[in-house]
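1. Got a predicted structure plus its sequence, pasted below:
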Amino acid sequence: MSLKRSYRVTLIPGDGIGPSITESAVSVVEATGVPIEWETVQAGMAAIAAGGDPCPDELLESIRLNRIALKGPITTPIGEGFRSVNVALRKEFELFANVRPCVSYEGVKTCWPGVNIVTVRENTEGIYAGKEMYVDRERSAAVMLAVNTRPAMVRICRYAFEYATKHGHKKVTGVHKANILKMFSGVFLESFRQVSAEYPHIKAEERVIDAVCMQLVRQPQDFDVIVTTNLFGDILSDLAAGLVGGLGLAPGANYGHDLAMFEAVHGSAPDIAGKNLANPLSLVLASKMMLEHLGENTASGMIDQAVRAVLKEGKYLTPDLLPGSKYGTTDLTKALVEHIG
Ligand code: NAD
């Protein structure tokens, strides 16, 4: 008799809708039968309530040991208060590649069928470096230092071309603003050109960020893999999510050298927290990416099929997908688990 290996995964419930959608994702993963030991640790507001620190040592220690985490969204105060725990975790573990797929599913009402866009976002530099300050006590102006290093730009472009090769994508679009930010964005564009020359089997295309926004809403099927810098990637991946039915369908993975963290693209959605209204599919799809990362392809396929079947049936959908729906997070989760079972 062969005993299946058990995985140990850091589980971060997060804030707002986080605990309910992580609970959903855990139920769905467990339904596949993959043996996982979940180590639950808090971050963000929940961690502040527990011990005063939004990013406590036990969180960092757990991720460092387990090398893999499934994370609910974490609230970041706007304009004041503690810095983003999400950004801190990406920096701490050098999670340099943020991969965010957006797919049109049958059964989801959108203007755009046939979309399959993967945004590969540089995750550690750009204006997210967070080096900012007010110029005087009156806060009459603020300045910031944004950094794009050549090694990080080459690394993210290579990651995108490797990803495209491995997953059978035909084209990579490098998105920049080097017409205006000739040096800052130019370093990215030069790196894109250098790396694309090493992958002649993949079509490489250069586009300016503003033009891409317009083209994405007019002809999203023209895009395949997009690679870009930190802020542009953050914005474009939300735009892409909107094209296929909203943030409730947008998973994300953060990859480092030998460590990965999986999450939803969206935030903690405080407006719907505690109401059983949150769509859990973004985190369920992130857990599918986690299983692929672990090499559990049968289990990830089971989740993929369950998501497609439940969306196609169109009954147990949350109100973001089906306005006026009487079904919520728990009903959609139950439908997925039953489908897998
Ligand atoms: P948000 O993504 O939380 O919500 C935007 C809108 O989308 C809201 O109307 C919300 O109800 C809806 N929405 C989001 N997820 C949904 C889901 N699963 N099902 C149904 N509807 C959903 O953005 P926000 O309100 O600007 O941010 C709230 C907090 O989350 C902020 O503190 C922000 O900093 C943080 N945030 C965290 C992450 C992360 O943890 N990775 C990402 C983005 C924002």
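-> Done, it's in.
2. going forward, measure contacts and count neighbours with C-alpha atoms only.
-> Noted.
3. what's the spacing between Tyr128 and Lys203?
-> Here the criterion is Cα to Cα, to the nearest Å. By it, Tyr128 lies 29 Å from Lys203.
4. Tell me which of the two has more neighbours.
-> Neighbour comparison, Tyr128 and Lys203: the larger count goes to Tyr128, with 19 against 14 (by other Cα atoms under 10 Å).
5. Backbone torsions only: list them for the more buried one.
-> The phi/psi pair for Tyr128 (degrees, to the nearest 10) reads phi -70, psi -10.
6. residues touching it, list them.
-> Applying Cα atoms under 8 Å, 6 or more residues apart in numbering, we find Tyr128 in contact with Val87, Ala146, Asn230, Leu231.
7. Quick check: which element contains the first one?
-> Counting by DSSP states H and E, the secondary-structure element that holds Val87 is helix 85-92.
8. Packing partners of that helix?
-> Here helix 85-92 touches no other helix or strand, going by 3 or more Cα pairs under 8 Å, 6 or more residues apart in numbering; DSSP states H and E.
9. Residues in contact with that helix: which ones?
-> Residues from elsewhere that reach helix 85-92 (Cα under 8 Å, 6+ apart): 43-44, 54-55, 60, 74, 76, 95-96, 123-124, 128, 254.
10. what comes into contact with the helix or strand following that helix?
-> As assigned by DSSP H and E, the chain's next helix or strand after helix 85-92 is strand 97-103. The contact list for strand 97-103, computed with Cα under 8 Å, 6+ apart, reads 114-123, 156, 159, 237, 240-241, 244, 249-256, 265.
11. One more: stretch 184-196?
-> With Cα under 8 Å, 6+ apart as the test, stretch 184-196 has contacts from 147-150, 153-154, 157-158, 161, 174, 176-178, 202, 204, 228-229.
12. Okay, and which of those residues map to strands?
-> Applying DSSP state E to these, the entries found in strands are Val147, Gly174, His176, Ala204, Thr228.
13. still on that earlier bit, when you check the ligand, which of the contacts of helix 85-92 turn up near it?
-> Ile74, Thr76 (Cα under 6 Å from any ligand atom).
14. So among the contacts of helix 85-92, where is pLDDT lowest?
-> When the contacts of helix 85-92 are compared by pLDDT, Tyr128 scores lowest at 80.
15. where does the stretch 201-341 of the chain come near the ligand, residue by residue?
-> 247-248, 265-269, 271-272, 278-280, 320.
16. mind listing which of those are in strands?
-> Among these, none falls in strands (DSSP E).
17. Any chance of JSON lines for these, columns neighbour count and pLDDT?
-> JSON lines is the format used below for those (neighbours: other Cα atoms under 10 Å; pLDDT from 0 to 100):
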{"residue": "Leu247", "neighbour count": "23", "pLDDT": "93"}
{"residue": "Gly248", "neighbour count": "23", "pLDDT": "93"}
{"residue": "Val265", "neighbour count": "25", "pLDDT": "92"}
{"residue": "His266", "neighbour count": "20", "pLDDT": "94"}
{"residue": "Gly267", "neighbour count": "18", "pLDDT": "93"}
{"residue": "Ser268", "neighbour count": "20", "pLDDT": "95"}
{"residue": "Ala269", "neighbour count": "15", "pLDDT": "96"}
{"residue": "Asp271", "neighbour count": "11", "pLDDT": "96"}
{"residue": "Ile272", "neighbour count": "12", "pLDDT": "96"}
{"residue": "Ala278", "neighbour count": "26", "pLDDT": "97"}
{"residue": "Asn279", "neighbour count": "26", "pLDDT": "97"}
{"residue": "Pro280", "neighbour count": "26", "pLDDT": "98"}
{"residue": "Asp320", "neighbour count": "17", "pLDDT": "95"}
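18. and the host helix or strand of Thr165, what does it pack onto?
-> Taking DSSP H and E as the criterion, Thr165 maps to helix 150-166. Here helix 150-166 touches strand 116-122, strand 171-176, helix 184-196, strand 225-228, going by 3+ Cα pairs under 8 Å, 6+ apart.
19. got the contact list for Ile340?
-> Val28, Ala31, Thr32, Met302, Ile303, Ala306.
20. So the residue lying closest to Val154 once chain neighbours are set aside versus the ligand, what's the distance?
-> Nearest non-adjacent residue to Val154, counting by Cα to Cα, 6 or more residues apart in numbering: Ser191, 5.0 Å away. Computed as Cα to the nearest ligand atom, to the nearest Å, the Ser191 to the ligand distance reads 27 Å.
21. okay, now Ser191: neighbour count?
-> Neighbours of Ser191 under the rule other Cα under 10 Å: 21.
22. repeat for Glu30
-> By the criterion of other Cα under 10 Å, Glu30 has 15 neighbours.
23. Give me the mean pLDDT for stretch 285-301.
-> Averaged over stretch 285-301, pLDDT sits at 97.
24. what sits up against that stretch?
-> For stretch 285-301, the surrounding residues in contact (Cα under 8 Å, 6+ apart) are 25, 29, 32-34, 70, 249-253, 262-264, 303-304.
25. Isn't Ser6 up against Pro35?
-> Yes - judged on Cα atoms under 8 Å, Ser6 makes contact with Pro35 at a distance of 4.9 Å.
26. which one of these two has more residues nearby?
-> A side-by-side neighbour count of Ser6 and Pro35, using other Cα under 10 Å, places Pro35 first with 14 against 10.
27. Per-residue pLDDT of the more buried one, please?
-> pLDDT recorded at Pro35 is 95.
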